[in-house]
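A.B. asks: the following block contains a protein sequence and its predicted model.
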Amino acid sequence: QVQLVESGGGLVQAGGSLRLSCVASGSIRSFFAMGWYRQVPGQQRELVAAITSGGMTNYADSVKGRFTISRDGAENMLYLQMNSLKPEDTAVYYCAADRWYSNLAAGGAEYWGQGTQVTVSS
């Protein structure tokens, strides 16, 4: 059984920074593709950033240059460093993982965390 648990969300002023963390437990291994999604009530969940087991990254255009995804395979940790936050970044952020990057990128990841709220005030 794989479990993903996020932390690090909170309330921050526009222009500020937050660092989200996701710890993976269970049978997850370093070859899993991992990523961060976010969702605003009434809207579809969107991929924010993803990283392959080999370290290749992909970002949504709206966060390029501001967010950085990273992972520590030895510790089964995933991070999202968010800088220059904007009110439109307000959402629930979810950690996701799948054996295949294509599944994760398509929104069909097998494993999901419970989400952590990020609120950016103007």
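C.D. replies: Done, it's in. Numbering: from 1, shown residues only.
A.B. asks: use CA for all of it now, contacts and neighbours both
C.D. replies: Fine.
A.B. asks: roughly how far apart are the residue most central in space within the chain and residue 122?
C.D. replies: Against the mean C-alpha coordinate of the chain, by C-alpha atoms, centre = their mean, the closest residue is residue 36 at 2.0 Å. According to C-alpha to C-alpha, to the nearest Å, residue 36 and residue 122 sit 23 Å apart.
A.B. asks: pLDDT score for the closest residue to residue 26 other than its chain neighbours?
C.D. replies: Excluding its sequence neighbours, the residue lying closest to residue 26 (C-alpha to C-alpha, 6 or more residues apart in numbering) is residue 2, at 4.4 Å. pLDDT for residue 2: 83.
A.B. asks: and residue 2, backbone torsions?
C.D. replies: Main-chain torsions, residue 2, degrees, to the nearest 10: phi -100, psi 140.
A.B. asks: as a check, name the ranges of all helices in the chain.
C.D. replies: Counting by DSSP state H, the chain has helices at residues 101-105.
A.B. asks: and the closest residue to residue 103 other than its chain neighbours, how far from residue 98?
C.D. replies: Residue nearest to residue 103 in three dimensions, not counting chain neighbours: residue 109, with 5.4 Å by C-alpha to C-alpha, 6+ apart. Distance from residue 109 to residue 98, counting by C-alpha to C-alpha: 5 Å.
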